[in-house]
Each structure stands twice: as structure tokens, then as C-alpha cells.
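# Need the 3D shape of this:
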Amino acid sequence: MSNSMFYTGLSGLNAAQAALVTTGHNTANVNTAGYSRQSAQIASNAGVNTAGTGYFGGGAKVVDVTRSYDRYLTTQLNQTQSANAALETYSTQIGQIDNLLANQTSGLNVQLQTFFNHVQTMANSPADPSARQQLLSSSQALASQFNAMGKYLADVNADVNQQIAGSLEQVNGYTGQIASLNKQIALLGNATGGQAPNDLLDQRDRLVSDLSQLVDAKVVVQEDGQYGVFVGNGQTLVLGDKATRLTTVSAASDPGRTALATLNAAGKAVEMQDGTISGGAIGGLLQFRNETLGAAQNAVGRMAIALAGSVNAQQRLGLDLNGEMGTDLFSQASPGVISNLKNTSGATLTAAFFDVSQLTTSDYRLDVGAGGAGGPGFTVTRLSDNTVVAPDPATGAYDGLKLSLSPGAAAGESFLVQPTRAGATDLSVRLANPAKLAAASPVASASAPGNRGSGVIGPARVDAAYVGSATQQGGAAVTLKYDSASGTLSGFPAGAAVTVTLANGAPDPAGPYAPGSAVKYAAGASMTFDGITVSLSGAPANGDTFKVAKNAGGASDGGNALRMGALQNQKTMAGGASFSDAYSQLVSSVGNKARQVEVSNAAQTSLTSQIRAAQQSVSGVNQDEETANLLMFQQMYQASAKVIQTASTLFDTVLGIAR
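Numbers count the residues shown, from 1 in each chain. Next up is the predicted model:
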């Protein structure tokens, strides 16, 4: 009996020692990230049957050392961490743009207002050299502001590309270590008969946790306990002891954009679609670049292009101080066209602006060989909403763009069109001489001094049709004469058709009028011929005349500058927006998105904290609990030692009796 007591006490001593070691291990790792609390699993030894007296217990044994681990909570925590990291990254990046656009001193609205204020100043004092110089200086300041904003956004894009490349190196480091641990865990599991190497399992889970903060990694546990790690719709990152390396390449559709790629067995990079990776910091960067950054670059570029187009068009309709028709004030960017790197035919695509007022903030993809809505041989897809765009039936333009594909393009080839991406960075001032600013209207109108009626002719204005027209080239004055008997005006150029619009905006029901014919007079109606528009009001008397002629007093006339200043509030951009409206929409859009991401990030952070707390309640080390366990197992150890001591005493007593 004493012998069995001895072994029973020894088994308890060993079990208590194992429990103390495990508890000490927990205490030492209370602050180790990713560590899961371990427990020594103690079971009783089988009893020994003694004839006539039943079974006597054989003490205790340690059957396993397990870790407190909940796979469901761990998986849920990885998923919420991934979403949290994506939102955190998105919020940080979009905050930079939001601060830039909404800045009251460096925003575009301030420079736009200054520019149009100086246009108004020149209109009021067209012959004043200082007013002209002020406008030229504010034009240069406005162009510089557009340039700076365009460059800043381009720098943000370059920084995003660098962050993606740097994060991929971290991904490769994590996946390589996970694959290595897979191998070690499998080998140790086989060598120990299935006993789990808990600390290696914790290390592997910690790596998966770190990986999930970069990409939305999904884990599949294999039958042998190894992890398979995947992203997207099944792209493998880790399978067994093999890890797939990721790298960056220039996107085939846009070499200026960094794309993700996998390295195959031959070491060749195979480009991945952006949608393959979501979640985590990398997913947040890709989402920010695709949703916000590109759209902001295009929106600012569209403003620059629309401003240059509108101001230049009005500048060309005025006279400068030398009496010459104006030339462009601003340079204007051209649409960007990028041939896909996979194209082989050598065919080229040419893009040109047809109507800048119809431009959107989207990029476009032209696919060869699809036919249908894109016209013969290709389709055009607006990438912002992934909609196939049909050409305008009258003009053949696509959202204000003219596209021309050279012969020989092969089916399946594609081109990327970025109409406005370079608009801000390419804006510059072309004029250096203030005298070249076209403040004056090229035509002047006046009522004849001898008129007897109350008829008055308003200021004449011109449109693009005036340039090169017979009236401009001939230079002869047009004298309109009123005939009270017929109630008509005559004297329009013989070769010019006349369009009449009534004061209420309706077309003249007596029209249309043949070239050279008399026009029915209606007070307040506007009459357009050879690109010139004039209006008459009041009641002219029979024989009253009104003259429209080239402007001989251009130095003191600011009519064209007035119309240039009116562009500030005109709805010159797609969607019926003025320049200020378009900028306000951009600021509002980015600001709203920034607030939305910020709120979502706060909610996701709270959810992540809750799930982490739940996971730690299962796996985390509680120091108070471990201290209590130490005392309990210490007492168990001491009691087992006492059993051994008692067994030894009994054994010595028996020996003493025998002697």
C-alpha cells in the first residue's frame, strides 16, 4: 500500500509541476500579442483492483496542454480588423484631399473670384493698362493654382502607388512565414502523435491577424491542420508550405497606374484585377484611388478645361487694343488616350473635344470589335457607372468627345480615354501682352440721329459664326430700316439668313426668313444674322434706321469683357453647373464621402474593439486568475509531496517492524 501511495503522490507531484509550469508560461506571456492562454489538462490514472477490496486510485496524469481558443471569434476579429484597416486608410487618404479642396485660402474659389473681379475691372476701364495687367496677373495666379492642385493630386496618386508596393512586401513576408509555420506544425504534430504545438499555432494566428490588416484574407483549415490562405474569389496566397508572391506592375490598361500581380512558377508577373483584393490597408488604398482620387483629378481638370474653353471662346469674339480679333488667353489640355499594352495591331485612337460643356468627370474605355452602341467596330464604356455610351445622333460625339479609330484595329483590343485628367496640370496663360486682351465687342450698334420714333437698338453681340462671316470679312455697315406700312425691318445682308426670337423666348411665328428678306418687327425681339445678335425695343417711326457696324472705338469699349465676366455664373458645364457650382459640388462630394468614411470607421472601430474583447475573454491571460492558479497548484504540489513523505515514513516503519 505504501508503494502505491508513493507513486500516487509522485503522479500528483508531476501533475502539479506541469500545471505550475503552464501557469508560469501564461504569466510570462500576459503582454505577448497573439498569445492564447494555455491549460494543463489533468486526468486521473486508472485504478488498481485489489481482490476483495475494490479499486484503489492510481493518482493523476497530464494528458494534454491545450490553448483557450475560439476559431469563430478569431475569424470574426480578423474580418472586422480588415474592414477597420480599409476604412482607416481610406479616411486618412481622403482627408488630405478634403483639406485641400475646402481650404478657404488655397481653394480654387478664391482665385476664380479674383479672376472674374479683374475681368469686371477691365470691362469698366478697358483702356486702363493697370486693369489689363491685373487681369493678366490674376490669370497667371489662377493657372498656377490649378497647376498646384493638379500636381498635389498627382503626388497623392504616386504616394498611393508607393504605399501599395511597400504593403505588398509586408504581405509577402507574412505569407512566407505562415507557409513555413504550416510545415513546422505539420512535422511536429506527426512527431508527437497529434499533440498541438500551441505557441507555433499562436504565432501563425498572429501572422494571419497581421495579414488581415493588409488584405481581406480568408483562412481554410486543411485536414492536417495547415492553413490555406486566400483573397478575393479564390486567389491563393498560402497553400500548405507554399506561398504565392505578390508584386506590382504597370497596369496594361494604364501604364501610369500601379496594379497588383502574382508571380507564377516561371517567375512571370500576372496582373490581377483591382477587385481581387479588398479589405485591409491595401484594399482601402485601391478603393480610395478608384472611387475618389481619380474622380477628383478629373473634376479639377474638367473645371480647368471648361474655364479655358469658355474664356478663350469669348476672347476670340472680342477686339484687343490694336483693333484685332482676340486670341486664346489660356492653353487647353487635350484628351489623354492610352493604348492597352496587350494591343498588337498598332492601330491608334485619336480623341478631341467637341463640346467641353458636355464633358463628365469619368474616364472611358473603347473596346474594339464589340459593335453595337459604340458605332461600327467598337463600343465606348463610361467607367464611372460602367455604362455603354451611344454617340450623339447629330454630332457623333460621346459625352462631348470626338473619337477616331485608325484602320486595322484587332478585335479584343482596347484603349483608355482620360478626357480631363491632365486639365489642371496643363493649364497655362498664353498671352504675355496686356494689350492683347480682347475687351471690346467687334461690332457696335446705334440708332440714327434723325430717327423720329421711340425705337432703340440694344448693344450688339456676336457668336462664333461671326468670325469669318461675310459681314466680318466685308466690313460694310448694316443699316436696318423700319417700314411702318408693312411693320418690317429691312436691310439685312443679302446672303445672311435671319433668325428672330421674341421677347418671351419663343421663335417668331412669321419666320423663318429667307436671306435678304424683310423681318416682321416685334418690340424686344432679338435678331441674329451672320453671328451678330441685336434687339430693338420701343416704337420706331416709318423710315427710322439703325446701324450695325464694326467697332471703331475699341479702346474705350468693354462689351466683350462684360460678356466674359458673365461666364462666372453661366451654366457652362455638364449638368447645368457654373464654375463655382462645379467646384462646390466637388468640395461637397469629397467632404460628404470623407464624413461617411469617418463615421463608418468609428463604428467599425467600436465593433472591432467589442469582438477583440470577446476574443480576449476566451484567449487572453487574466493575471488575477493565474495568480490564484499558482497558489492552488502550489498547494497541490505541497500536498503531493506530503503524500510521498507519508508513504516514505510508513515504509520505514514497516522495515523497522521486520527488523
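# Quick one: residues in contact with stretch 12-24.
With contacts defined as CB atoms under 8 Å, 6 or more residues apart in numbering, stretch 12-24 is touched by 38-40, 42, 59-62, 65, 626, 629-630, 633-634, 636-637, 639-641, 643-644. C-beta here means a position set from N, CA and C on the backbone, and glycine is covered the same way.
# And the strands in the stretch 101-250 of the chain?
Taking DSSP state E, counting those that start in this stretch, the strands of the stretch 101-250 of the chain run over residues 218-221, 227-231, 235-239, 242-243, 246-250.
# who does the fourth one touch, helix- and strand-wise?
Secondary-structure packing of strand 242-243 (3 or more CB pairs under 8 Å, 6 or more residues apart in numbering; DSSP states H and E): helix 129-191.
# Now do the helix it packs on against strand 235-239, angle only.
Computed by axes from the mean of the first three to the mean of the last three CA atoms, to 10 degrees, the angle separating helix 129-191 from strand 235-239 equals 40 degrees.
# Can you give the distance of helix 129-191 from its chain's centre?
12 Å (CA atoms, centre = their mean, to the nearest Å).
# Look at residue 260 and give its secondary structure.
Following DSSP: H, G, I helix; E, B strand; the rest coil, residue 260 is assigned to strand.
# Settle this for me: it is touching residue 278, isn't it.
No - using CB atoms under 8 Å, residue 260 is not in contact with residue 278, being 11.6 Å away.
# ok, residue 208 touching residue 79?
No - with contact taken as CB under 8 Å, residue 208 and residue 79 are classed as non-touching, separated by 11.3 Å.
# Who has more neighbours out of these two?
The neighbour count for residue 208 versus residue 79, taken as other CB atoms under 10 Å, is higher for residue 208 (23 against 17).
# which residues does residue 508 contact?
By CB under 8 Å, 6+ apart, the contact list for residue 508 reads 500-502, 519-520, 522, 525.
# Mind putting those residues into CSV with pLDDT and neighbour count?
CSV is the format used below for the contacts of residue 508 (pLDDT from 0 to 100; neighbours: other CB atoms under 10 Å):
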residue, pLDDT, neighbour count
500, 91, 22
501, 91, 18
502, 91, 14
519, 91, 22
520, 91, 15
522, 90, 21
525, 92, 21
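# so residue 300 makes contact with residue 150?
Yes - at 6.2 Å, residue 300 and residue 150 qualify as touching, with contact defined as CB under 8 Å.
# Give the residues shared as contacts by those two.
Joint contacts of residue 300 and residue 150 (CB under 8 Å, 6+ apart) are 423-424.
# Return the distance of the closest residue to residue 484 other than its chain neighbours relative to residue 480.
Spatially, and ignoring its direct neighbours in sequence, residue 484 is nearest to residue 542 (3.6 Å; CB to CB, 6 or more residues apart in numbering). Residue 542 sits 13 Å away from residue 480, going by CB to CB, to the nearest Å.
# Between these two, which is the more surrounded one?
residue 480 (26 against 11).
# Return the list of strands paired to whatever helix or strand that one lives in, each annotated with direction.
Here residue 480, judged by DSSP states H and E, is contained in strand 478-483. Looking at strand 478-483 with DSSP bridges, its partner strands are strand 488-490 (antiparallel), strand 545-550 (antiparallel).
# okay if I get those as CSV plus mean neighbour count, mean pLDDT and distance to residue 177?
What follows is the strands paired with strand 478-483, written out as CSV (neighbours: other CB atoms under 10 Å; pLDDT from 0 to 100; distance: least, CB to CB, whole Å):
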stretch, mean neighbour count, mean pLDDT, distance to residue 177
strand 488-490, 18, 91, 89
strand 545-550, 19, 92, 81
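# Now distance to residue 203 too, for the ones you listed, in TSV please.
TSV is the format used below for these (distance: least, CB to CB, whole Å):
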stretch	distance to residue 203
strand 488-490	93
strand 545-550	87
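# who wins for proximity to residue 4 among the ones you listed?
strand 545-550 (127.7 Å; CB to CB).
# can you list contacts of that closest one?
442-448, 451, 455, 457, 460, 472, 475-482, 491, 532, 534, 536, 540.
# Go through the residues you listed and flag which are in helices.
Secondary structure from DSSP state H places residue 472 of the contacts of strand 545-550 in helices.
# any weak-confidence spans in the stretch 1-150 of the chain?
1-3, 47, 49-54 (pLDDT under 70).
# Pull the contacting residues for the residue nearest to residue 484.
482-485.
# could you redo the last one with a cut-off of 7 Å?
Residues in contact with residue 542, defined by CB atoms under 7 Å, 6 or more residues apart in numbering, are 482-484.
# likewise residue 61?
11, 15, 43, 45.
# Surely the last one and residue 62 touch.
No - using CB atoms under 7 Å, residue 45 and residue 62 do not qualify as a contacting pair, with a distance of 10.9 Å.
# Give me the more crowded residue out of the two.
A direct count of neighbours by other CB under 10 Å for residue 45 and residue 62 places residue 62 higher, at 18 against 14.
# Count the residues that sit near the closest residue to the more buried one other than its chain neighbours.
Once flanking residues are discounted, residue 62 sits nearest to residue 18: 4.4 Å by CB to CB, 6+ apart. A count of neighbours around residue 18, defined by other CB under 10 Å, yields 18.
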